[in-house]
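*Asks:* here you go, sequence then predicted model.
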Amino acid sequence: MILDDAQPNDLPVYMDALATHAQSAAQALATATSEKKSAALLAAATAIQARADELLQVNSHEVAAASERGQQASFVDRMQLSPARIDDICESLKKISALPDPVGQVIREWSVPSGLKFERLRTPIGVIAVIYESRPNVTVDAAALAVKSGNAVILRGGSECIETAKILHAAFREGLIAAGLPAYAAQIVETPDRDAVGLLLGGLENRIDLVIPRGGKSLVSRIQTEARVPVLSHLDGICHVYLDKDADLEKAVSITLNSKMRRTGVCGAAETLLIDRARLHDLLPPVIAALKEAGCELRGDHLVLEADNTLTPAIEMDWHTEYLSPILSVAAVDGVVGAISHIRHYSSGHTEAIVTENEETAHQFLTGVDSAIVLHNASTQFADGGEFGMGAEIGIATGRLHARGPVGLEELTTYKTVVRGSGHIRP
């Protein structure tokens, strides 16, 4: 819905109005009850289901147009809706609505000998800008997580899927109004003008408190470079699966296959497979066979090629590449130490997995690898807020400050310290 007091064709005035309304809505949301926030999400789910036919029709036109323009298959897959994906979006809203409200939670409490009592409480961040490519679910997930955690949000999606995003936003807005929350708690930038992103990154006169990008490398790189406000993001998802010498064969095959091929276009998809060179003779053939059967192209280092010369030789750039397609690089390493060394050199700090029945080796890997998510005997595709029990996520953070891993409700809060005295003065 276009703001009454500004039109997108007057971009600076329009973006200023978005920020003004968001700041006002954030103040109201900070003290809104959990019941109202949850009711808004449930009402939004109902409104989205009521618009399902309209969503599918509009989205199908946008998907067809993207395909005709030659967009990558992984990109088109992310922007496409289906009845099942609409159901998933609505189910996500219901799950988020049922999660505990983080606002006001006591993180820590203590007292000091002077008699002062301290409480550290979770509080909303304020106004969040979410800049993302053409992923319809992000429109709803970002709005829901922001509102439930007491934040106002400005959404700026990709131009390829803007009409789908507008319908989803309109339905979410219906939910806010039905629950008696500010309609401007979740706003969407209705113009594809790229200058709108620049204005958001500039902070709109300090009224944007946090920027969260979700998309490809070029988008995230631009935001990290240009932003004058804090950014919570990851640049690449170069994820690894390591098959240890004590790996179970069946688990090695199924976890590798799922990590790579369940959905190749997601950031948690494995891009490199590491195998202990001591197990190349028996682990490599069945794993390679399963991947090839699933349609995966494989690129191996010299040791892997000695074991199977049907693979394409890997070059240095392969170890640095997030393919987001059915391509996997394969390298032989000297045990868990070699795997950790390879990951430290090439990983983007997103998600890494080890397959082993040896608990000591698993502990060495899990403590030695400093990525946002590390898994033992589980697929890298579990790198998802929904699978973490968060209902959904806005993205995966790979930095070392504030939040790491899936960004859910708690990660969208900061804290304040409340100090209680009884007439205390400091000598």
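*Replies:* Nice, thanks for sending it over.
*Asks:* now stretch 270-278: mean pLDDT?
*Replies:* Averaging pLDDT along stretch 270-278 yields 98.
*Asks:* now it, how far from the chain's geometric center?
*Replies:* 25 Å (CA atoms, centre = their mean, to the nearest Å).
*Asks:* contact partners for Leu121?
*Replies:* 104-107, 415-418 (CB atoms under 8 Å, 6 or more residues apart in numbering). Every residue, glycine included, has its C-beta placed from N, CA and C.
*Asks:* how about Val241?
*Replies:* Here Val241 is in contact with 255-256, 259-260, 270, 272-274, 352-355, 380 (CB under 8 Å, 6+ apart).
*Asks:* quick check: it is in a strand.
*Replies:* Yes - Val241 sits within a strand when classified using DSSP: H, G, I helix; E, B strand; the rest coil.
*Asks:* what's across from it in the sheet?
*Replies:* Beta-bridge partners recorded for Val241 (DSSP bridges): Leu273, Ala353.
*Asks:* for Val189, see how far away the closest residue to Thr191 other than its chain neighbours is.
*Replies:* Leaving out its chain neighbours, the residue that sits closest to Thr191 by CB to CB, 6 or more residues apart in numbering is Pro8, at 3.7 Å. Using CB to CB, to the nearest Å, we find Pro8 at a distance of 8 Å from Val189.
*Asks:* those two: which is more packed in?
*Replies:* Between Pro8 and Val189, counted using other CB atoms under 10 Å, Val189 has the larger neighbour count: 24 against 17.
*Asks:* helices of this protein, start to end?
*Replies:* 11-29, 34-50, 52-68, 73-79, 83-98, 136-148, 162-178, 195-201, 217-226, 249-261, 280-293, 302-307, 335-346, 359-368 (DSSP state H).
*Asks:* of all those, which lies closest to Ala129?
*Replies:* Evaluated over the helices of the chain, closeness to Ala129 peaks at helix 195-201, with 4.6 Å, by CB to CB.
*Asks:* which parts of the closest one are buried?
*Replies:* Buried positions in helix 195-201, judged by neighbour count with 16 or more other CB atoms under 10 Å: 196-197, 199-201.
*Asks:* how far out from the middle of the chain is the worst-scoring helix or strand of the chain on mean pLDDT?
*Replies:* Lowest by mean pLDDT, DSSP states H and E among the helices and strands of the chain is helix 73-79, with a mean of 85. Chain-centre distance of helix 73-79: 16 Å, with CA atoms, centre = their mean.
*Asks:* what lies in contact with that helix?
*Replies:* Defining contact as CB under 8 Å, 6+ apart, one finds that helix 73-79 is touched by 59, 62-63, 66-67, 133-136, 158, 160-161, 164, 216, 263-265, 324-325.
*Asks:* same thing with stretch 275-291?
*Replies:* 242-245, 247, 249, 252-253, 256-257, 260-261, 273, 298, 303-304, 307-308, 311, 328, 330-336, 338-339.
*Asks:* buried sites along it?
*Replies:* Neighbour-count burial for stretch 275-291 [16+ other CB under 10 Å]: 275-277, 279-280, 283-284, 287-288, 290-291.
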